[in-house]
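1. only the shape, not the letters, is given here:
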């Protein structure tokens, strides 16, 4: 446990964990006596007496979807950051393909979009045509259906230290799901069934008695969950990149794409990927998984693309994204009037959104959005 429990590493993890959030009461309370608490944490790890605490849960609605987010106690966040920074990321990252671009230093959604656009241009230069197909793959309830036994088996191939595997087991133990409402027959098959954490969150607490637990699911918002979810579908990445040498393949968390001139090949690859996913215990979302012509309009990572006859890749923002932002601004106005939201938070949110999509917005759309923002906030404050 030396790397994780080392006081210097814990101190660095403490500084990173509180960065940008040291105004919060929970963190300020920890700061009052942080040195002794870091020593106590180090001893708990070395003596194997550490047990993850139950954090808070809340729901975030993104594009009409309810996502259950976990917020861990600050002391646990320090341990998990030290674990990730010193063990999991260094050990697992070197086995990830280059075109796996989610949530890693030096990568992210901008990196993945650039790689995708590069792949489309390479395809056009090779075949000198915009005739071809793209396979878009999406997993259904991805975080909810990552099995702990499969994940631990995958990680143990590259992390051999038993103390680190013990710590991973302690973290995953914190994510197990109370399924006391299942009958015995369904409970025996629960790991093979698709689980929906959103529906679980709506259950009355009287059905969650703690009698039966399912070792499945990871928590959105948890750092260990993040690197594990990036790593978990590596067998699919390796099958595409190594076994079939597919140059134009990429993945961003649970979204993947493959570009090919052969439609039948894409059907065959999809069948094989579905089998590998079934072995891992995750499920293909067949409603969102589709094969489309690359010269038709398709959506990848919230942007709309189309390859023209001349090889130009048309890139547009989804109109629904603009509509959602307009509705959000109007809701923000009501929250500011009620005193539930600070005006500065609204300003930062709008600047962040505008910075993300600035180069994709038409002059008219951008002007209309800025006008709406000024009418709602600048002229009424």
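-> Alright, I've got the coordinates. Model, not experiment: these values are computed from the prediction. Numbering: from 1, shown residues only.

2. tell me where the model's unsure across the stretch 151-300 of the chain.
-> By pLDDT under 70, the stretch 151-300 of the chain has no low-scoring segment.

3. wait, residue 220 sits on residue 71?
-> No. Counting by C-beta atoms under 8 Å, residue 220 stays clear of residue 71, with 10.4 Å between them. Glycine gets a C-beta too; all of them are placed from N, C-alpha and C.

4. can you pull the buried residues of stretch 330-350?
-> 332, 333, 336, 341, 346, 350 (16 or more other C-beta atoms under 10 Å).

5. and for stretch 118-128?
-> By 16+ other C-beta under 10 Å, the buried positions in stretch 118-128 come out as 119, 120, 123, 124.

6. turn the residues you listed into JSON lines, including distance to residue 162.
-> Shown next, in JSON lines, are the buried residues of stretch 118-128 (distance: C-beta to C-beta, whole Å):
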{"residue": "119", "distance to residue 162": "41"}
{"residue": "120", "distance to residue 162": "45"}
{"residue": "123", "distance to residue 162": "46"}
{"residue": "124", "distance to residue 162": "51"}
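
7. so which of these belong to helices?
-> With helices taken from DSSP state H, the overlap with the buried residues of stretch 118-128 comprises 119, 120, 123, 124.

8. those into CSV, with extra columns for distance to residue 291 and pLDDT?
-> Below are these laid out as CSV (distance: C-beta to C-beta, whole Å; pLDDT from 0 to 100):
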residue, distance to residue 291, pLDDT
119, 16, 97
120, 15, 97
123, 15, 97
124, 18, 97
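
9. does anything pack onto the host helix or strand of residue 78? Which helices or strands?
-> Residue 78 belongs to helix 74-83 when assigned by DSSP states H and E. Helix 74-83 is packed against helix 2-5, helix 7-18, helix 25-31, helix 34-46, helix 162-173, helix 223-231, with contacts defined by 3 or more C-beta pairs under 8 Å, 6 or more residues apart in numbering; DSSP states H and E.

10. tell me which of the ones you listed sits most buried.
-> Sort the helices and strands packed on helix 74-83 by mean neighbour count, taking mean count of other C-beta atoms under 10 Å, and helix 223-231 sits at the top with a mean of 23.

11. list of residues touching the helix or strand that comes right after that one?
-> Downstream of helix 223-231, the next assigned helix or strand under DSSP H and E is helix 234-238. Contacts of helix 234-238 with the rest of the structure, by C-beta atoms under 8 Å, 6 or more residues apart in numbering, involve 95-97, 99-100, 154, 249, 251, 256, 273, 276-277, 279-280.

12. show me what secondary structure element comes after helix 234-238.
-> Next element after helix 234-238 (DSSP H and E): strand 249-252.

13. so what strands line up beside the helix or strand that comes right after that following strand?
-> Going down the chain from strand 249-252, the next helix or strand is strand 255-260, by DSSP H and E. Partners of strand 255-260 in the sheet, by DSSP bridges, are strand 133-140 (antiparallel), strand 249-252 (antiparallel).

14. which ones are touching residue 99?
-> 112, 115, 237, 241, 249, 250, 251.

15. farthest pair in the buried residues of stretch 118-128?
-> Farthest apart among the buried residues of stretch 118-128 by C-beta to C-beta are 119 and 124. That separation is 9.9 Å.

16. now residue 148: phi and psi?
-> Main-chain torsions, residue 148, degrees, to the nearest 10: phi -70, psi -40.
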